[in-house]
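Enquirer: test case, fold it:
(2 chains)
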Amino acid sequence: MPYRLLKFALARRHPEPRMFRTHARLKPSYDVVIIGGGGHGLAAAYYLARDHGITDVCVLEKGYLGGGNTARNTTIVRSNYLTPEGVRFYDESVRLWRDLSAEFDLNLFYSTRGHYTLAHTDASLRTMRWRAEVNRHLGVESRVVDVEELRRALPMMDLSAGGHAPVLGALYHAPGAVARHDAVAWGYGRGADLRGVEIHQQTEVVGIELEGGAVSAVLTTKGRIATRTVLCAVAGSTPRITRMVGLSTPITIQPLQAMVSEPLKPWLDPIIVSGSLHVYVSQSARGELVMGASLDPCELHSTRSTFDFTEGLASHMLDLFPFLSRVRVLRQWAGMADMTPDFAPIMGTTPVTGFYLDAGWGTWGFKATPVAGKTMAWTIAHGRDHELIRAFNLSRFTDFRLTGEKGAASVGH
Amino acid sequence: MKLLRCPVNGLRPISEFVWGGEVRDMPDPDAVSDAEWAHYVFDRSGVPAVKREWWYHVPSGVWFIAERDTVADRVLRTYPYGGDA
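Expert: You can find the predicted model right below:
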């Protein structure tokens, strides 16, 4: 065995196949150029090739595949949103998620856990009743549960939250799930690659050329690409790309931090969210508690972590789960979030012909990976917005027709 | 960034401050088109830069201007608002 291992290590060619091919150089032109090799960009490439037969596509990634916000979220998938447009969109995503492992022949560890959003005030309980009604009207399983039911379902939780924020009830969303985030990017990447899409890592976009209000070329650190169609899927850095085509958007960048504990025996099956305490937590398949809180309070283009965050989140975790006081934090990180004024994404066509946006993914992007890819691929193939994303078009900010998801998007906004 | 210098109260912990967004000129609502007004209401400069921002010192109720590098998260200088926005 050691000899085989040594031979393997020294061998120039490894028998283990890579997830996708590497390409020595860019071609001079492609039908579609996708900027951003995260889950969303790769999913769009996958569905373009699979559903629409558009395979002359390249995905450009500044860093490495799935190394941005795809790797930095807390992997929660749910569809209990507030607006009918949001609920329909995310519900379609949940449906797609369920079949992805089989479709990719790659285990995404998609695990349906159930999702509790705790209400500590009458106002939040009212929003939850509203969400439950909208959800059920659209066939999504959500209901408001009372404290007695919570006590039975979550005996390990302090329902008084340390005495200062008693839980009054919760919104229970049975389809709430978690998944292995890296595998999502790899699965879409491999699927796209097998169908002829080229993935170029370490390739940064430095400019976009326009001709008469339409996209004509993309300039990269590895050369110029002539193309008439560009998809911008770089949530967290969107304003840098939209500036290249002279498009103004409401997006500002704020960091969202997260952390994980050391691995524990399985004790927390559902996902727990508290908007008032600024906590969301689930236990991963490895036993680590994956925890997140609210956005950092000002604009910042950096993925630095702070001690303030760890301290604040740990304190709120202890309000709900006092027995965790001796559990250690293993690591923490941050991602840059594209924030929009109404907490809904910005998707679809733009005033620049051939320039499509998949942006404004704030703190709600991971769960939308499959449906965003699918609807953006449709939108690019047909040159008009897919019906599920019409409410998310950039034009809503000139028409004063926002899609208000603030009450359901995340915590602490 | 852990400390911020309030032009009135001096160096204070960042937890005492609230960010108020970039300083922007408001166009005359009667003189601009709906599209220009919408641009003012919603659109922001989301690109990294050194920006002039509103900051608020909560305990003393002081609004002031800070020039901050939004990549390094470093404040270059702070000063009271002088009607120059």
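Enquirer: residues near the spatially closest residue to residue A:402 that is not a sequence neighbour, how many?
Expert: Distance criterion Cβ to Cβ, 6 or more residues apart in numbering or on different chains; nearest residue to residue A:402, sequence neighbours excluded, is residue A:342 at 3.9 Å. Where C-beta positions appear, they are placed from N, C-alpha and C, glycine not excepted. Residues near residue A:342, counting by other Cβ atoms under 10 Å in any protein chain shown, number 21.
Enquirer: residue contacts, residue A:342?
Expert: Counting by Cβ atoms under 8 Å, 6 or more residues apart in numbering or on different chains, residue A:342 touches A:396, A:402, A:403, A:404, A:405, A:406.
Enquirer: the fourth one contacts residue A:81, correct?
Expert: What that stands for is residue A:404. No - Residue A:404 is beyond contact range of residue A:81, at 10.4 Å (criterion: Cβ atoms under 8 Å).
Enquirer: more neighbours: those two, which one.
Expert: The residue with more neighbours, out of residue A:404 and residue A:81, is residue A:81; 28 against 14, by other Cβ under 10 Å.
Enquirer: contact partners for the more buried one?
Expert: A:87, A:89, A:90, A:131, A:134, A:135, A:405, A:408, A:409.
Enquirer: mean confidence score for the helix or strand hosting the fourth one?
Expert: Read that as residue A:131. Residue A:131 is part of helix A:122-137, with elements assigned from DSSP states H and E. Mean pLDDT, helix A:122-137: 95.
Enquirer: list the buried ones in that helix?
Expert: A:124, A:125, A:127, A:128, A:131, A:132, A:134, A:135 (16 or more other Cβ atoms under 10 Å in any protein chain shown).
Enquirer: among those residues, which one sits closest to chain B?
Expert: residue A:124 (22.3 Å; Cβ to the nearest Cβ).
Enquirer: now do the closest residue to that closest one other than its chain neighbours against residue A:372, distance only.
Expert: The spatially closest residue to residue A:124, leaving aside those adjacent along the chain, is residue A:275, at 5.9 Å (Cβ to Cβ, 6+ apart). Remark: distance between residue A:275 and residue A:372 (Cβ to Cβ, to the nearest Å) = 24 Å.
Enquirer: between the two, which has more neighbouring residues?
Expert: residue A:372 (28 against 22).
Enquirer: sec struct for that one, please.
Expert: helix (DSSP: H, G, I helix; E, B strand; the rest coil).
Enquirer: next up, the contacts around it.
Expert: A:40, A:43, A:44, A:93, A:345, A:347, A:358, A:365.
Enquirer: let's go with 7 Å and repeat that
Expert: By Cβ atoms under 7 Å, 6 or more residues apart in numbering or on different chains, residue A:372 lies in contact with A:40, A:43, A:347, A:358.
Enquirer: which two in those are spaced the farthest apart?
Expert: A:43 and A:347 (12.7 Å; Cβ to Cβ).
Enquirer: chain B: strands as residue ranges?
Expert: B:3-6, B:10-13, B:17-22, B:50-57, B:62-69, B:74-80 (DSSP state E).
Enquirer: partner strands of the third one, with direction?
Expert: It stands for strand B:17-22. strand B:50-57 (antiparallel) (DSSP bridges).
Enquirer: so how far is the strand it pairs with from its chain's centroid?
Expert: Relative to its chain's centre, strand B:50-57 lies at 3 Å (Cα atoms, centre = their mean, to the nearest Å).
Enquirer: who's the closest spatial neighbour of residue A:72, skipping the chain neighbours?
Expert: Closest to residue A:72 by Cβ to Cβ, 6+ apart is residue A:335, at 3.3 Å.
Enquirer: what residues of the helix or strand where the one you found lies count as buried?
Expert: According to DSSP H and E, residue A:335 maps onto strand A:329-339. Neighbour-count burial for strand A:329-339 flags A:332, A:334, A:335, A:336, A:337, A:338, A:339 (criterion: 16+ other Cβ under 10 Å).
Enquirer: for stretch A:24-37, same thing?
Expert: Buried-residue list, stretch A:24-37, by 16+ other Cβ under 10 Å: A:26, A:30, A:32, A:33, A:34, A:35, A:36, A:37.
Enquirer: in strands only, show me the residues you listed.
Expert: Per DSSP E, the buried residues of stretch A:24-37 map to strands at A:32, A:33, A:34, A:35.
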